[in-house]
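take a look and give me a structure for this.
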Amino acid sequence: MADVHHETVYFAGHVQGVGFRYTTLSVAKEFELTGRVSNLADGRVQLEVEGEPKEINAFLSVLEERMHGYIRKVERTASHGPAQYQDFCIQ
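This next block holds a predicted model:
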């Protein structure tokens with residue numbers, strides 16, 4: 001299996017209890033991506049996403065636009081390796 005571009009993204013702000021994960025899933029369906037989104041105990045949301053860097057950037061732009069008033073901080077870490085996901089889901 002070929003290596004893919006992978007990003008781990010942390011969103012901080014008022015991102016839990018506002019439909020953030022469901023919005024993320026909805027937006028992800030508009031792009032050719034795989035991954036997962038989940039709430040963290042510290043109040044942040046963690047996103048694991050795989051795909052072409054251009055697709056990931058476009059996806060994150062749309063997501064940040066739709067959730068504009070809720071996000072205070074975004075931390076992104078990129079890596080390259082074997083695919084870990086087959087679809088996009090909420091955990």
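
name the spans of this protein whose pLDDT lies under the cut-off.
Applying pLDDT under 70 to the predicted model, the residue ranges of the chain that meet it are 1.

where exactly do the helices run in it?
Under the criterion DSSP state H, the chain contains helices at 20-28, 53-66.

pick the most buried one from the ones you listed.
Ranked by mean neighbour count under mean count of other CB atoms under 10 Å, the helices of the chain are led by helix 20-28, which reaches a mean of 19. No exception for glycine: its C-beta is placed from N, CA and C like everyone else's.

what residues does that one touch?
Here helix 20-28 makes contact (CB atoms under 8 Å, 6 or more residues apart in numbering) with 11, 35, 37-39, 45, 47, 49, 59, 62-63, 66-67, 70, 88-90.

ok so, going back, any chance of the helices of the chain in a markdown table, plus distance to Val74?
Compiled in a markdown table, the helices of the chain are given as follows (distance: least, CB to CB, whole Å):
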| stretch | distance to Val74 |
| --- | --- |
| helix 20-28 | 12 |
| helix 53-66 | 7 |
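
keep only those of the contacts of helix 20-28 that are in strands.
Judged by DSSP state E, strands contain the following of the contacts of helix 20-28: Phe11, Gly35, Val37, Ser38, Asn39, Val45, Leu47, Val49, Phe88, Cys89, Ile90.

filter those down to the buried ones, PyMOL style.
In PyMOL, the members of the ones in strands among the contacts of helix 20-28 classed as buried (16 or more other CB atoms under 10 Å) are selected with the following command:
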select buried, resi 11+35+37+39+45+47+49+88
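
which of the ones in strands among the contacts of helix 20-28 sit farthest apart?
The most widely separated members of these are Phe11 and Cys89, with 17.0 Å between them, by CB to CB.

can you tell me the closest non-neighbouring residue to the residue nearest the centre of the chain?
Closest residue to the average C-alpha location of the chain: Leu47 at 3.6 Å, with CA atoms, centre = their mean. Distances taken as CB to CB, 6 or more residues apart in numbering put Val9 closest to Leu47, at 4.2 Å, once the chain neighbours are dropped.

in the sheet, who's paired with that neighbour?
With beta bridges defined as DSSP bridges, Val9 has these partners: Leu47, Arg76.

got it, and the one 4 residues further on?
Gly13 has these beta-bridge partners by DSSP bridges: Ile71.
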